[in-house]
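**Q** quick one: sequence plus predicted model below, questions after.
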Amino acid sequence: MKVTIDLLNQKLEEQKLFYELILDNLPVNLFLKDKNGRLFFANKATLKFTNKTIDEILGKTDYELFPAKIANKLNEVDNKLREKNITQINAIESFERDGKMVYLYAGKVLLDPTNPKE
């Protein structure tokens, strides 16, 4: 029985690494937040965009990563998702960073693993 459990755990870990590899190499910013708005996953594109390491980004909120104006807008969109139970909102935001205009396109999906939607 232990061999079967060990094999199952190995397969689950392989699947997890496979999915992380796919997400990490997408050419778009992809990050996941908990219900308190703290990041618990960020792919390479997000790290490059924010100019942060994974250790610097995990557990942070939008207010700790972006200028207040952008963080306010991102949180406004997050709140609309929660309040209206909307599944996706797309928005384009722009702001200046290091003397250059930066454009942020956000497609957001509200996922609740405790209450999956059909």
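**A** Cool, the structure landed.
**Q** alpha carbons only for contacts and neighbour counts from here, please
**A** Will do.
**Q** which residues does the most centrally placed residue in the chain contact?
**A** For the chain, F31 is the residue whose C-alpha lies nearest the centre (CA atoms, centre = their mean; 1.4 Å). Applying CA atoms under 8 Å, 6 or more residues apart in numbering, we find F31 in contact with L39, F40, F41, A42, N43, T46.
**Q** for E93, see how far away the residue lying closest to the first one once chain neighbours are set aside is.
**A** Spelled out, that is L39. Setting aside the residues directly before and after it, L39 is nearest to K33 in space (CA to CA, 6 or more residues apart in numbering), at 4.2 Å. As judged by CA to CA, to the nearest Å, K33 and E93 stand 19 Å apart.
**Q** list the buried residues for the longest helix seen in the chain?
**A** Scanning the chain for the helix with the most residues, using DSSP state H, yields helix 2-24. Counting neighbours by 16 or more other CA atoms under 10 Å, one finds that the buried residues in helix 2-24 are L23, D24.
**Q** which secondary structure elements does that helix sit against?
**A** Applying 3 or more CA pairs under 8 Å, 6 or more residues apart in numbering; DSSP states H and E, we find helix 2-24 packed against no helix or strand.
**Q** which residue packs closest to G37, ignoring adjacent ones?
**A** G37 sits nearest to T61 (CA to CA, 6+ apart), 5.7 Å away.
**Q** what's near enough to touch that neighbour?
**A** G37, R38, L39.
**Q** pLDDT added to those, as a markdown table?
**A** As requested, the contacts of T61 are arranged in a markdown table below (pLDDT from 0 to 100):
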| residue | pLDDT |
| --- | --- |
| G37 | 88 |
| R38 | 91 |
| L39 | 91 |
